[in-house]
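Trainee: quick one: sequence plus predicted model below, questions after.
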Amino acid sequence: MGDLAAAFAQHEITPKIIPNAPKERLHLVWDGIQVEPGMTLSTRNTKNAPRFNLKGADPESTYSLLMIDPDNLSRKNPSVAEWLHWLVTNIPASNVIEGINGGQHQMAYGSPAPGPRTDLHRYVILMWEHQGRRINVPKPSSRAKFNVKQFIEKYQLGDPIAGNFFLAQHE
């Protein structure tokens, strides 16, 4: 936990984007590559949605997951941040445990595509547990200017149970 919290703070994800770091590292695999917090990935490896799972997930719970780019258009000029790459709500625990991509896809996976000369972008993937309840999230009308803090507040999600992030740039 300490290492994850330190990585989230070092990369200025906490407290700017979310107040507190996730409790656990979300296990993410893109194109056979296991993601470690803060590693750099090639965008050619992120064309398709990753496989994700969380060991020890409560079998009675429901989960939601999102992926954002807080650096769109760039970290120096985040004019359309936070860019929503993916939003899946009400994922059954069995899917989370077994790594099956289930739940309600409110925003289909959009692969990272940082623009030329925009340096490294952070891609943040967060998961929340909502015990004993489903959340009713309408499909966002746009990927641009999503706000994770407002999302957490609106749906009373609290701190993410799990998360991870990677870096990528234009190739």
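Mentor: Now that the structure is in, tell me what you want to look at.

Trainee: so the most centrally placed residue in the chain is in which element?
Mentor: Nearest to the mean C-alpha position of the chain, by Cα atoms, centre = their mean, lies I125 at 1.6 Å. Taking DSSP states H and E as the criterion, I125 maps to strand 121-130.

Trainee: ok, and for that strand, which residues are buried?
Mentor: 121-130 (16 or more other Cβ atoms under 10 Å). For every residue, glycine as well, the C-beta is placed using N, CA and C.

Trainee: can you lay out the residues you listed as TSV showing distance to R44?
Mentor: Shown next, in TSV, are the buried residues of strand 121-130 (distance: Cβ to Cβ, whole Å):
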residue	distance to R44
H121	15
R122	18
Y123	14
V124	20
I125	18
L126	24
M127	25
W128	30
E129	32
H130	34
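
Trainee: ok, back up a step: the residue nearest to the centre of the chain contacts L26, doesn't it?
Mentor: Yes - between I125 and L26 there is a contact under Cβ atoms under 8 Å: 6.0 Å.

Trainee: so what sits against both of these two?
Mentor: Counting by Cβ atoms under 8 Å, 6 or more residues apart in numbering, the common neighbours of I125 and L26 are 52, 65, 163-164.
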